[in-house]
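Q: Predicted model and sequence below, questions to follow.
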Amino acid sequence: MAPRAEIPAVREALLGWYREHRRDLPWRRSRDPYGVWVSEVMLQQTRVDTVVPYHRRFLERFPTVEALARAPEAEVLAVWSGLGYYRRARLLHQGARAVVERHAARVPDTFALLRALPGVGDYTAGAIGSIAYGLPVPVVDGNVERVLTRLHTLRGDPRASPGKSLLRALAARYAEHPAPGEVNQALMELGALVCAPSAPKCLLCPVKAHCGALAAGEPERYPEKRARAAPRPERWSALVATLDDKVWLVPSDLGRWTAMLLPPMVERDHTARQVVSSLGMSGIVRAVREAGAVTHVLTHASMRVKVFVGELLREPSRGELVARGALGGRAVPKVTLKVLEAALGVL
DNA sequence: TACGCGTGGTA
DNA sequence: TTACCAAGCGT
């Protein structure tokens, strides 16, 4: 099916708008492929405003791909702490090591070699390739998906085949241009600032004259994506055990926080007596009492965590005692901070 | 293909 | 408040 919108005309209007309205973002101030790579991984499923301070800190701490490759994973996770989707950090770290080993510490400049790096999928390979190296390759993220399905009135679920490959082919035609990185960023920027999921600002849109969905009076009908299941409720009990000014944390064996530091916790709705027994802490904690509850919502689960506090009688043989002031330098997810705050007051 | 993976912003 | 969902990836 031939798209209705004329691609060269849309692209020029889009580029003109982008030159005028592009946000001044840290990773747009240079084309350093490593800096672009870090930004693209951080931006996966994460808002720009959230990423900005993390990107700055990350590049201060790991200014080059070699510096990142040299670092222990725990340090990388510590800098990533709070950003979420921690597997991204592990894969970026593995990717940096792969670049040092396979490509003499130079971020590769072909789509295929980028795509072969850990944590780099079609989107990220396209973004690094087009933005850092000017390769005429497409990107299809949530923004591009929304902008192009609306412009070209593409029906059906764009995440399923054949919608996915049609969309990618269409985006590839937009990227056939001397400045593919600008075109790709312009498509994403329009999706972020104007062509929003709900209440799009069509009156301000530089390509409104070309938009099939607007002409039909139903821009919000697109994209026709499947609804996501609600997070399933989970009931947890956590025990915050203290020794002087330190708290006892253990490396998590949950997939979502593998090896990151959490208070001992169990997926049960327990009493104080039960949580001590269930966690095998009889004989090493005393004065255990309930200290409230916290809620932590993830994509696929909604955790309600009952928080218990107790005093350690001695140093445990596993896990580690961490001073409250030292949490900032460690690999600690938000749920740990929430539970500790409920147990101990403001950290 | 469908699911698991964090966190926070917005309506 | 609930629901959606944001510059996705790996399995």
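A: Perfect, I can see it now. The model shown is predicted, which means the values in this text are computed figures rather than measured ones.
Q: C-alpha only now, for contacts and for neighbours.
A: Fine.
Q: Enumerate every residue touching the closest residue to DNA strand B within the stretch 51-200 of chain A.
A: Residue nearest to DNA strand B within the stretch 51-200 of chain A: A:Tyr85 (3.0 Å; Cα to the nearest atom of the strand). Shown in contact with A:Tyr85 (Cα atoms under 8 Å, 6 or more residues apart in numbering): A:Arg256.
Q: Now the phi/psi pair for it, please.
A: phi 40, psi 60 (degrees, to the nearest 10).
Q: same deal with A:Val309?
A: According to degrees, to the nearest 10, A:Val309 has phi -120, psi 140.
Q: Look up the closest residue to it, ignoring the ones flanking it.
A: Spatial nearest neighbour of A:Val309, chain neighbours left out: A:Val240 (4.8 Å); criterion: Cα to Cα, 6 or more residues apart in numbering.
Q: Are we agreed that that neighbour is in a strand?
A: Yes - the assignment for A:Val240, made by DSSP: H, G, I helix; E, B strand; the rest coil, places it in a strand.
Q: Now do the strands in chain A.
A: Taking DSSP state E as the criterion, chain A carries its strands at A:232-243, A:246-251, A:261-262, A:265-266, A:285-297, A:301-312, A:320-323.
Q: Deepest-packed of those, please.
A: strand A:261-262 (a mean of 24; mean count of other Cα atoms under 10 Å).
Q: Tell me which other helices or strands that one touches.
A: Packing contacts for strand A:261-262, counted by 3 or more Cα pairs under 8 Å, 6 or more residues apart in numbering; DSSP states H and E, involve strand A:246-251, helix A:334-344.
Q: From the contact counts, what lies against the longest one?
A: With contacts defined as 3+ Cα pairs under 8 Å, 6+ apart, the secondary structure elements packing on helix A:334-344 are strand A:232-243, strand A:261-262, strand A:285-297, strand A:301-312.
Q: For it, which residues meet the burial criterion?
A: For helix A:334-344, a neighbour-count test (16 or more other Cα atoms under 10 Å) marks A:Val335, A:Thr336, A:Leu337, A:Lys338, A:Val339, A:Leu340, A:Ala342, A:Ala343 as buried.
Q: okay if I get those as JSON lines plus distance to A:Thr64 and pLDDT?
A: Below are the buried residues of helix A:334-344 laid out as JSON lines (distance: Cα to Cα, whole Å; pLDDT from 0 to 100):
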{"residue": "A:Val335", "distance to A:Thr64": "30", "pLDDT": "97"}
{"residue": "A:Thr336", "distance to A:Thr64": "30", "pLDDT": "97"}
{"residue": "A:Leu337", "distance to A:Thr64": "30", "pLDDT": "97"}
{"residue": "A:Lys338", "distance to A:Thr64": "33", "pLDDT": "97"}
{"residue": "A:Val339", "distance to A:Thr64": "35", "pLDDT": "97"}
{"residue": "A:Leu340", "distance to A:Thr64": "34", "pLDDT": "97"}
{"residue": "A:Ala342", "distance to A:Thr64": "38", "pLDDT": "96"}
{"residue": "A:Ala343", "distance to A:Thr64": "39", "pLDDT": "96"}
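Q: Contact partners for the residue in the stretch 151-300 of chain A that DNA strand B sits nearest to?
A: Using Cα to the nearest atom of the strand, the closest approach of the stretch 151-300 of chain A to DNA strand B is made by A:Arg256 at 2.2 Å. Counting by Cα under 8 Å, 6+ apart, A:Arg256 touches A:Tyr85, A:Tyr86.
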